[in-house]
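*Asks:* Sequence and predicted model, in that order:
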Amino acid sequence: MLPVIWAVFAVCAVGAFVMIAAYWLDVQDRPDLTRGQRMAWSAGAIVFPISIPAYAFAGGPGWPSFLRAASFLPAVGLALFFGFLFGVFR
């Protein structure tokens with residue numbers, strides 16, 4: 001089971017980097033946000049497992065369903081990382 005979980009973790013880790021970049025670029029490209037709002041959403045990248053799904057569902061970017069589902073990849077990847085770190089998966 002460990003190789004399967006490791007593969008899922010690798011996909012989530014790569015997907016998380018892509019989602020962080022997509023999130024940040026989308027925030028910077030939205031003309032309807034003021035400069036302060038763009039700075040606040042950009043600072044939210046520090047807490048990316050929370051801010052990316054919040055932006056995808058409540059921020060109003062109009063992302064398609066696939067990207068809304070993919071917005072959870074950073075949180076899943078981080079959960080798997082801590083699972084490996086603390087020995088949950090053997």
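*Replies:* Noted; the coordinates are in hand. Predicted model only: the values in this text are computed from it and were never measured.
*Asks:* now the spatially most central residue of the chain: how far from G59?
*Replies:* Nearest to the mean C-alpha position of the chain, by CA atoms, centre = their mean, lies P74 at 4.0 Å. When distance is defined by CB to CB, to the nearest Å, P74 is 15 Å away from G59. (C-beta placed from N, C-alpha, C; glycine too.)
*Asks:* same check, this time on I5
*Replies:* 31 Å.
*Asks:* coming back round to it: give me the pLDDT value at the residue nearest to the centre of the chain.
*Replies:* Confidence at P74, expressed as pLDDT, is 94.
*Asks:* Now it: which helix or strand?
*Replies:* Using DSSP states H and E, P74 sits in helix 73-85.
*Asks:* what's that helix in contact with?
*Replies:* 5, 8-9, 12-13, 15-16, 19-20, 48-50, 52-53, 88-89 (CB atoms under 8 Å, 6 or more residues apart in numbering).
*Asks:* Can you flag which of those belong to helices?
*Replies:* In helices, judged by DSSP state H, the following of the contacts of helix 73-85 are found: 5, 8-9, 12-13, 15-16, 19-20, 48-50, 52-53.
*Asks:* Can you tell me which of the contacts of helix 73-85 has the most neighbours?
*Replies:* I52 (26 neighbours; other CB atoms under 10 Å).
*Asks:* From V4, how far out is that one?
*Replies:* Look at I52 and V4: by CB to CB, they are 25 Å apart.
*Asks:* Could you do S65 as well?
*Replies:* Applying CB to CB to S65 and V4 gives a distance of 26 Å.
*Asks:* and if you look at V76?
*Replies:* Taken as CB to CB, the span from V76 to V4 is 14 Å.
*Asks:* more crowded one of those two?
*Replies:* Using other CB under 10 Å as the criterion, V76 and V4 rank with V76 on top: 17 against 9.
*Asks:* Thank you, goodbye.
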